[in-house]
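Colleague: how would this look folded up:
(2 chains)
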Amino acid sequence: MAIRLVGYSFSGPVLRVIICLKELGLPYELEPPASYQSLKDEDYIANKHPFGKMPVLFDGDFRITESRPICRYLVSKYQGKHNDTILIPNDVHKAGLVDQFISYELSYYDPPLSKLLYQEKIAKRFLNKDPDPEVIKQAREELAKVLDVYEKLLEGKEYLNGEYSLADIAPCPSTYYVYGTVTHSDLWDNRPNVKNWWNRLCNRDAIKKSLEEAKSFLENYENV
Amino acid sequence: MTNRLIGYSASYPTLRVIICLKELGLPYELEPPASYQSLKNEDFIANKHPFGKMPVLFDGDFRITESRAICRYLASKYQGKHNDTILIPNDVHKAGLVDQFISYELSYYDPPLSKLVYQEKFAKKFFNKDPDPEVIKQAHEELAKVLDVYEKLLEGKEYLNGEYSLADLVLCPGTNYVYGAGHSDLWDNRPNVKNWWSRLCNRDANKKSFEEIKSFWENN
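Modeller: This is a model prediction of the structure:
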């Protein structure tokens, strides 16, 4: 039975799960919701996500929500079954550090990045609000400080935990969008370790394919 | 070699780890930092937490940061070794759901809760700022909506995932603060939530941990 993934492929959290599914060699069916508003319908809240969010994953009858837990579940269950890709190491200490880096992404990297994402990609296009230059300036400064830390964390390493892991997948979607606005790509490009890390990530098959999928979905959504 | 935990027991992410250590029957040494400012020192950032935060755990030479990641590590390594307490089930589906509920705490429960913790417990005492009634009102309303969802999630269950797990543990420290700071109605007005919170308060590890910090607040 195929895995069903409810969500829009261009939504950051959904894209995180798509990258993970591709990395693990898992087939899946994507089910875009009718609309963002439909996520607040009684039926959606009762049967998909109690807080009205995406993504939602169905593995047979088993339902799980929240992108990072979904990824961890998929890894725990399927890692090594279809290919050799290791996203969470078996060693308890290495796994602990991968978890720590996922927490860094969530706690420190994502907040300013999400603000930039909202201002540059979402506000005008989906909500008809002008971007706020003050918020953008502040978010940029905050993200610059975070990336200074990442520059040190990546010293002498190709990936956050040495070898590629779930910790590197987590920041990909939002980074892709904000980097792609061009006005902010300097944040990554001006830091050699960070720049090389980002280039490495962009060259991974699963990530390349996932980002292409999101890009074409977004372009078609635009034309609707 | 004992676990070393860097942090203030009154800081609720640190308390999360303390409760976890107690639940697993693990001895530990608490090392409070010199001050909040010392977390931004070069030495702390280089050798403890690159973002200048607490808690930090040293298990021998192994260093790990971020409270929920620390708890998962401790459960993975030590669960079942000193007692029977299971914080993360072995079954991959049950473990996935525990992880999901931890994410609900992080994404939806903690944001309004942490605002209330700051306003009610820390603003005046540690930062000499008056609590902001507008922020408190908004956070209270937001948390009320979240707890309406938790009321449904707990229907027919004693704990979030049926049996007690890390999913319940993670929200204990912050809840203890806000419950005791004039917002107890949020939990008490919802029968499932109220019973669940009572059950949690009756767990030894929670009882001992809450007592420990009570004396901290009384003496400072």
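
Colleague: after the longest helix belonging to chain A, next one along is what?
Modeller: When chain A is parsed with DSSP state H, its longest helix is helix A:133-153. Toward the C-terminal end, the helix or strand that comes next after helix A:133-153 (DSSP states H and E) is helix A:166-169.

Colleague: Point out where chain A drops to low pLDDT.
Modeller: Along chain A, the model assigns pLDDT under 70 to residues A:1, A:182, A:221-224.

Colleague: which parts of it sit against chain B?
Modeller: Neighbours of chain B within chain A, by C-beta under 8 Å from any C-beta of the partner chain: A:50-51, A:62, A:64-66, A:68-70, A:72-73, A:76-77, A:92-93, A:95-97, A:99-100, A:102-104, A:106-108, A:146, A:149, A:152-153. Just so you know, the C-beta spots here come from the backbone N, C-alpha and C atoms, and that holds for glycine as well.

Colleague: Which members of the residues you listed are classed as buried?
Modeller: With neighbours counted using 16 or more other C-beta atoms under 10 Å in any protein chain shown, the residues of chain A next to chain B contain these buried positions: A:50, A:64-66, A:68-70, A:72-73, A:77, A:93, A:95-97, A:99-100, A:102-104, A:106-108, A:146, A:149, A:153.

Colleague: most remote residue from chain A's center?
Modeller: In chain A, the residue that sits farthest from the middle, by C-alpha atoms, centre = their mean, is A:Glu42; the gap is 27.1 Å.

Colleague: And that residue, how far from A:Leu127?
Modeller: 24 Å (C-beta to C-beta, to the nearest Å).

Colleague: What's the end-to-end length of stretch A:125-136?
Modeller: Start-to-end span of stretch A:125-136 (C-alpha to C-alpha, to the nearest Å) is 16 Å.

Colleague: what does stretch A:186-197 give?
Modeller: Note: stretch A:186-197 ends 14 Å apart using C-alpha to C-alpha.

Colleague: Check which residues of it are buried.
Modeller: Neighbour-count burial for stretch A:186-197, counted by 16+ other C-beta under 10 Å, picks out A:187-188, A:191, A:193-195, A:197.

Colleague: Then stretch A:128-147?
Modeller: A:136, A:139-140, A:142-143, A:146-147.

Colleague: Then stretch A:192-211?
Modeller: Those would be A:193-195, A:197-198, A:201, A:204, A:206-207, A:210-211, for stretch A:192-211 by 16+ other C-beta under 10 Å.

Colleague: try stretch A:75-89
Modeller: Neighbour counts over stretch A:75-89 (16+ other C-beta under 10 Å) mark A:75, A:77-79, A:85-89 as buried.

Colleague: Out of the residues you listed, flag the one nearest to chain B.
Modeller: Taking C-beta to the nearest C-beta as the measure, chain B lies nearest A:Lys77 of those, at 5.0 Å.

Colleague: got the contact list for the residue nearest to the closest one when sequence neighbours are not counted?
Modeller: The shortest distance from A:Lys77 to any non-neighbouring residue, by C-beta to C-beta, 6 or more residues apart in numbering or on different chains, is to B:Val92 (5.0 Å). By C-beta atoms under 8 Å, 6 or more residues apart in numbering or on different chains, the contact set of B:Val92 is A:73, A:76-77.

Colleague: So which of these belong to helices?
Modeller: Short answer: the contacts of B:Val92 in helices (DSSP H) are A:73, A:76-77.

Colleague: just to revisit the earlier point, would JSON lines of the buried residues of stretch A:192-211 with secondary structure be doable?
Modeller: Supplementary listing: those in JSON lines, determined by DSSP: H, G, I helix; E, B strand; the rest coil:
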{"residue": "A:Asn193", "secondary structure": "helix"}
{"residue": "A:Val194", "secondary structure": "helix"}
{"residue": "A:Lys195", "secondary structure": "helix"}
{"residue": "A:Trp197", "secondary structure": "helix"}
{"residue": "A:Trp198", "secondary structure": "helix"}
{"residue": "A:Leu201", "secondary structure": "helix"}
{"residue": "A:Arg204", "secondary structure": "coil"}
{"residue": "A:Ala206", "secondary structure": "helix"}
{"residue": "A:Ile207", "secondary structure": "helix"}
{"residue": "A:Ser210", "secondary structure": "helix"}
{"residue": "A:Leu211", "secondary structure": "helix"}
